[in-house]
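*Asks:* have a look at this fold, sequence not included:
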């Protein structure tokens, strides 16, 4: 494959303007991420030090192999929830290397309300374990939680994907033979006690670690007994008497060292084989992505220029380049892994929809993982296109994508509106990982379109009621709609609600995909077969 020949003029005024805009968005994201990771009241840090505890990130640094990459996921979860009092949804999840093994890590953050679980915390832990199941990744839990935030109990406990799903997923992992280790560095209270209870291996720190279904306040309220946390579920009780925990440790460093030694005993999985090549850097600097992405969600751009700054050697074998040009399809390598890429270059028409479905079938035939690069406003609408079968052709694309047996990965590069999100493997379609860029917007339609639609509906309503069409009323509908959409379609709202696996800086896309693809190969590919396609 020859390298792609870029048409970007990096000296142009348009490039410089876009670069400044998108670099600024990336810097804003980095500031928000830094605050979520590190900004804590000094009293909370002092409290940890008083109890001889380390921060979650200090613990993580000691657990991971030195100098190895760590792909943090959902770093800004809950950033727009609970008035900002649960940064990162009060925990850390991500993929890293421990004792030479690929693992996914869940670490409670005791510097946020004692590590208490908010509804978004539970959602994030469930997502962590879903990833473990999908990719057969061993799990290391760094446990230190005061239990559920009882003020939010109705959103924590009863439903299918609430806290019980954590323990269901742990049980499924054990059935699959996927290993789990819990390092109990603080309290595992109430349901949280089941995390070490359902792990294959567990370590507990004497003096600070505790595992109990009911902590001292609850025990006192329920039984009248006054006991310390150590007496109810401390290190010696569980390692010498109950057998609930396997290994005692005198401090956190020793517990983490024991944990690393346990992981070193685990066998290494045989990876699913796909086409591989020697990795090479892109020919074009990924930093140029800032000048390629528009500064307006309504402006288009050539997604080939994005591909050239993500893939190995900027080499891209484009499939059917003259047919269905609003959807780019083709083969490339990312960190040595062969992938098929589908990237939007405009709205999805009949021909581009059929082209996408056909290309995905080829990827499935060749056991080639698929990467979706989204910048989509939807499928084309209108009578002529309905006669031509746009609903039918879009359904073919969605069916083929949904039933693909190879791993799928999605990057939200710009817009994601309407059913185009579905065809291009949105969150509902079980891609292995989904990342967003800071400029990304997502919704059933764009804000301007939604405002125009609701203004027309309001005008028709007033006319039916025989009332005067007051322009002030229509202007207020437009203003309220645009205001609501402005908050809800942003990348920060999307990631706050865990509709993705995290915002990433565009220049980090290649590395994030490389780690994600490599981890996906721990699991065998799914069953081959399609649903019924309507011809």
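*Replies:* Received the coordinates, thanks. Computed from a predicted model, the values in this text were never measured in an experiment.

*Asks:* contacts, neighbours, all on C-alpha from now
*Replies:* OK.

*Asks:* immediately after the helix or strand containing residue 483, which helix or strand?
*Replies:* Assigned by DSSP states H and E, residue 483 falls within helix 471-488. Using DSSP H and E, the helix or strand that follows helix 471-488 in sequence is helix 491-496.

*Asks:* for that following helix, packing partners?
*Replies:* Secondary-structure packing of helix 491-496 (3 or more Cα pairs under 8 Å, 6 or more residues apart in numbering; DSSP states H and E): strand 441-443.

*Asks:* so which elements touch the strand it packs on?
*Replies:* strand 408-417, helix 491-496.

*Asks:* can you list contacts of that strand?
*Replies:* For strand 441-443, contacts defined as Cα atoms under 8 Å, 6 or more residues apart in numbering pick out 297, 414, 415, 416, 417, 418, 488, 489, 490, 491, 494.

*Asks:* what is the mean pLDDT for the next helix or strand after it?
*Replies:* Remark: after strand 441-443, the chain's next helix or strand is helix 447-464, criterion DSSP H and E. Averaging pLDDT along helix 447-464 yields 84.

*Asks:* in helix 447-464, what counts as buried?
*Replies:* For helix 447-464, a neighbour-count test (16 or more other Cα atoms under 10 Å) marks 447, 450, 451, 452, 455, 458, 459 as buried.

*Asks:* test my guess that the last one contacts residue 468.
*Replies:* Looking back up the chat, that one is residue 459. No. The criterion here is Cα atoms under 8 Å, and residue 459 misses it with residue 468 at 9.3 Å.

*Asks:* hmm, back to that, quick one: list the elements packing against the helix holding residue 483.
*Replies:* helix 447-464.

*Asks:* and the contacts of the helix it packs on?
*Replies:* For helix 447-464, contacts defined as Cα under 8 Å, 6+ apart pick out 468, 469, 474, 475, 477, 478, 479, 481, 482, 485, 486.

*Asks:* mind doing that once more with 7 Å?
*Replies:* For helix 447-464, the surrounding residues in contact (Cα atoms under 7 Å, 6 or more residues apart in numbering) are 468, 469, 474, 477, 478, 481, 482, 485.

*Asks:* please apply the same query to stretch 70-82.
*Replies:* In this structure, residues lying in contact with stretch 70-82 by Cα under 7 Å, 6+ apart are 33, 36, 86-89, 93-96, 120, 493, 495-498, 501-502, 512.

*Asks:* let's see 6 Å
*Replies:* Contacting residues not belonging to stretch 70-82 are listed as 88, 89, 93, 94, 95, 96, 495, 496, 498, 501, 502 [Cα atoms under 6 Å, 6 or more residues apart in numbering].

*Asks:* list the buried residues in it.
*Replies:* Buried residues in stretch 70-82, defined by neighbour count with 16+ other Cα under 10 Å: 70, 71, 72, 73, 74, 75, 76, 77, 78, 79, 80, 81.

*Asks:* how about the secondary structure of residue 373?
*Replies:* strand (DSSP: H, G, I helix; E, B strand; the rest coil).

*Asks:* how many neighbours does the closest residue to it other than its chain neighbours have?
*Replies:* In this structure, residue 373 finds its nearest non-sequential neighbour in residue 343, 4.6 Å apart by Cα to Cα, 6 or more residues apart in numbering. Residue 343 has 26 neighbours, counted by other Cα atoms under 10 Å.

*Asks:* pretty sure residue 343 contacts residue 375?
*Replies:* No. Using Cα atoms under 6 Å, residue 343 is not in contact with residue 375, being 7.5 Å away.

*Asks:* just the strands in the stretch 151-300 of the chain please.
*Replies:* 180-189, 201-205, 210-212, 247-249 (DSSP state E, counting those that start in this stretch).

*Asks:* Serialize those to a markdown table and add fields for mean neighbour count, mean pLDDT and distance to residue 220.
*Replies:* Output for the strands of the stretch 151-300 of the chain, formatted as a markdown table (neighbours: other Cα atoms under 10 Å; pLDDT from 0 to 100; distance: least, Cα to Cα, whole Å):
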| stretch | mean neighbour count | mean pLDDT | distance to residue 220 |
| --- | --- | --- | --- |
| strand 180-189 | 27 | 96 | 15 |
| strand 201-205 | 27 | 98 | 24 |
| strand 210-212 | 27 | 95 | 13 |
| strand 247-249 | 21 | 98 | 27 |
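
*Asks:* quick one: which of those is nearest residue 314?
*Replies:* Relative to residue 314, the nearest member of those by Cα to Cα is strand 180-189, separated by 38.8 Å.

*Asks:* adjacent strands (with direction) for the closest one?
*Replies:* Partners of strand 180-189 in the sheet, by DSSP bridges, are strand 139-145 (parallel), strand 201-205 (parallel), strand 210-212 (parallel).

*Asks:* what residue, apart from its backbone neighbours, is nearest residue 485 spatially?
*Replies:* What sits nearest to residue 485 in space, not counting adjacent residues and going by Cα to Cα, 6+ apart, is residue 447, at 5.5 Å.
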